[in-house]
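1. Give the three-dimensional model of this entry:
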Amino acid sequence: MSYNPEIHHRRSIRLQGYDYTNVGIYFVTICSYQRQHLFGTIDNGEMKINLAGQIVFTLWQKIPQHFPNVQLDEFVLMPDHLHGIVVIAESKDKFSLANIIQNFKSVSSRKINRINKNYGVSIWQRNYYERIVRNEEELNNQREYIKSNPANRVYLNTE
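-> Down below sits the predicted model:
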């Protein structure tokens, strides 16, 4: 079937007119492809990460090495998704949130597929959810959400 804009249109979930290279704090949710439990399992109320989960966990922590104007805040990894807070600081290099997430998803997918010898297999859903954190109260609410909901998690606090 060829491309038909009447049928094949994607509505952006990003804030219309907002520049995602702006200095800011962003709450991000990234889901595994078809919400498959790719990163581990819940066992006796505790998240047990597998090799793919370890890769995701490690590569998330390495984001600031590739994007020096990025800092990470709270992070949680679940069997089928992750939540994280990404802080973009002032820099002469302008990377958008989309650049950062796309790079993370691409690198983690390649590494997981290389180890599993499943080249080209989708690891992540095509998009991601983000929320611009507008004030300290929202930031604290997002941090608390990551820390307490869900209770079964592996999380990273970079403080």
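2. Give me the distance from stretch 34-49 to the chain's centre.
-> Centre-to-centre, stretch 34-49 and its host chain are 16 Å apart (C-alpha atoms, centre = their mean, to the nearest Å).
3. residues contacting the residue nearest the centre of the chain?
-> Residue closest to the average C-alpha location in the chain (C-alpha atoms, centre = their mean): residue 30, at 4.2 Å. Contacts for residue 30 (C-beta atoms under 8 Å, 6 or more residues apart in numbering) come out as 81-82, 84, 101, 104-105, 124-125, 128-129. For the C-beta atoms, the positions are set from N, CA and C on the backbone; glycine is no exception.
4. And the strands in this structure, which stretches?
-> 24-31, 40-43, 46-49, 70-77, 81-88, 129-133, 154-156 (DSSP state E).
5. which among the contacts of residue 30 end up buried?
-> Using 16 or more other C-beta atoms under 10 Å as the burial test, the contacts of residue 30 include 81-82, 84, 101, 104-105, 124-125, 128 as buried.
6. orientation of the top helix by length along the chain relative to strand 70-77 in degrees?
-> Across the chain, the longest stretch assigned as helix under DSSP state H is helix 97-116. Interaxial angle of helix 97-116 relative to strand 70-77 (axes from the mean of the first three to the mean of the last three C-alpha atoms, to 10 degrees): 50 degrees.
7. Counting by contacts, list what helix 97-116 packs against.
-> strand 24-31, helix 51-61, helix 63-66, strand 81-88 (3 or more C-beta pairs under 8 Å, 6 or more residues apart in numbering; DSSP states H and E).
8. Buried residues in it, which are they?
-> For helix 97-116, using 16+ other C-beta under 10 Å, the buried residues are 97, 100-101, 104-105, 108-109, 111-113.
9. Please identify which of these is nearest to residue 52.
-> residue 112 (4.9 Å; C-beta to C-beta).
10. Could you give the number of residues near the residue lying closest to the closest one once chain neighbours are set aside?
-> Once flanking residues are discounted, residue 112 sits nearest to residue 52: 4.9 Å by C-beta to C-beta, 6 or more residues apart in numbering. A count of neighbours around residue 52, defined by other C-beta atoms under 10 Å, yields 20.
11. which ones are touching residue 52?
-> So residue 52 contacts 38-40, 112, 115-116, 123 (C-beta under 8 Å, 6+ apart).
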